[in-house]
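1. got a predicted model here, sequence first, then my questions.
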Amino acid sequence: MKKRLSYIFCIILLTTTACVSGSYENEFTESSQSTTTNNNESVTSSPTPSVTPDTRESNESKAFVGFIYPGPRSDWMEAQVSSIKESFISNSEIYEFLSQNVDSGSAEHWEIMNDYIDKGVDYIILMLGWWQHDPMFDAALGRAKDAGIHVVFTNFMDEIYDQSLVTSYVGLDFHAHGRDAATAVEMVLEKKNISDTEDVNIVLLHFEIGLDRRNYLTEGFLEQVEKHSNWNLLDMRIVELDWTLEKPRIAMEDLLNEYDDIDVIVALHERLVLGAIEALNESERTSGPNGDISVISIDATRHEFEAMIDGNLDASVEFNPLFGPFVEEIIRTLESGEQADRIVYVPGRIFFAHEAAMYIDERTY
């Protein structure tokens, strides 16, 4: 390991089932920046690189980076893993890069962390399936700090028990994306020539309260709802998360039976909106740009692009999984001896149905 006086830098990439306890702004107070955009810029993902070797080549001039990530769960997670791998493998003249996938249990994570520490890594990138407090994990983080290894959290954080063990966080600004969902509603209503004086009845589909990151989405959306006197929130329907379409479909069927005056559906996850669309297609109601119900979603996956092209979905707010360049930039900054930002938000944008066909081929997730 190269000699350093710098502190621990763990880039911990937390996956779709992890979440943060409290706001990111409260967890990290230095150099935060929001990068959510609604312009027409798009980012394409790259193919998954080959698996990296398990042992370090003898090249002390390179920064030694170890990446720990969970096994495959979704195309979105695979895109994130691929993006991080490529960002370092494509810069092989700068980095010596190891990667290891693990099960979601915390024990295997800290075991591999200890193995990386023994190998003499300079940086650890840690992507968790979910965060469960484990004293052995804290011990591994402390051991890394004592060894002068840098650790970076990225993606979805549940809890950070000791901020001194973490240099930076790379992830999504859920609160801002919730506001983006409201912006999408505004723009869709404008496209349909619905004025600010007309009543708009909205139903919101979201997951159970335990998923804090989705709570931030809800909070961001509701803040914007309060700014529109003509927006009526008919129902906030909580749906149990089981990664199928059945429960969202049933929830939407119930809402359609309870309310005959729904104007807008906002679904805060790909699974939620796809299940809702199934229910709508089986009903007498129509949805999408030419339908009587406007539908807005979160995630902007390929499935949602297909729904927009099919005319069932008006707009989708992007959760961008391409974290790699942002993670690599943090490590490059530290390598130059400069201080890295404490928070880096990966940018996303709003996609609308009329442009979905132009971008769908770029969606690998």
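-> All right, it came through fine.
2. do you know how far residue 85 is from residue 194?
-> Applying C-beta to C-beta, to the nearest Å, the value for residue 85 to residue 194 is 45 Å. Yep, even glycine has a C-beta here, placed from its N, CA and C like the rest.
3. for residue 101, same thing?
-> The gap separating residue 101 from residue 194 is 48 Å, by C-beta to C-beta.
4. what's the answer for residue 205, then?
-> 21 Å.
5. over to residue 183?
-> Between residue 183 and residue 194 the computed distance is 15 Å (C-beta to C-beta).
6. quick revisit: the more surrounded of residue 85 and residue 194?
-> residue 85 (22 against 17; other C-beta atoms under 10 Å).
7. who does the one helix or strand that one maps to touch, helix- and strand-wise?
-> Using DSSP states H and E, residue 85 sits within helix 75-89. Applying 3 or more C-beta pairs under 8 Å, 6 or more residues apart in numbering; DSSP states H and E, we find helix 75-89 packed against strand 63-70, strand 95-102, strand 123-128, helix 324-335.
8. tell me the angle of it relative to strand 63-70?
-> In terms of direction (axes from the mean of the first three to the mean of the last three C-alpha atoms, to 10 degrees), helix 75-89 departs from strand 63-70 by 170 degrees.
9. for helix 75-89, what is the distance to the chain centroid?
-> On the basis of C-alpha atoms, centre = their mean, to the nearest Å, helix 75-89 is displaced by 13 Å from the centre of the chain it belongs to.
10. cool, and stretch 147-166?
-> For stretch 147-166, the distance to the chain centre is 17 Å (C-alpha atoms, centre = their mean).
11. what pLDDT does residue 6 get?
-> pLDDT, residue 6: 40.
12. hmm, I typed the wrong one, I wanted residue 39.
-> 42.
13. over to residue 70?
-> 83.
14. number of nearby residues for it?
-> By other C-beta under 10 Å, the residues close to residue 70 number 24.
15. that one and residue 81, how far apart?
-> From residue 70 to residue 81 the distance is 9 Å (C-beta to C-beta).
16. overlap of the contact sets of the two?
-> Shared contacts of residue 70 and residue 81 (C-beta atoms under 8 Å, 6 or more residues apart in numbering): 101, 127.
17. which stretches of the chain form helices?
-> Along the chain, the segments classed as helices by DSSP state H run 24-27, 75-89, 106-119, 135-146, 174-191, 212-225, 246-258, 270-281, 302-309, 324-335, 356-359.
18. out of those helices, which gets nearest to residue 318?
-> Nearest of those to residue 318, taken as C-beta to C-beta: helix 174-191 at 8.3 Å.
19. buried set for that closest one?
-> Buried residues in helix 174-191, counted by 16 or more other C-beta atoms under 10 Å: 174-189.
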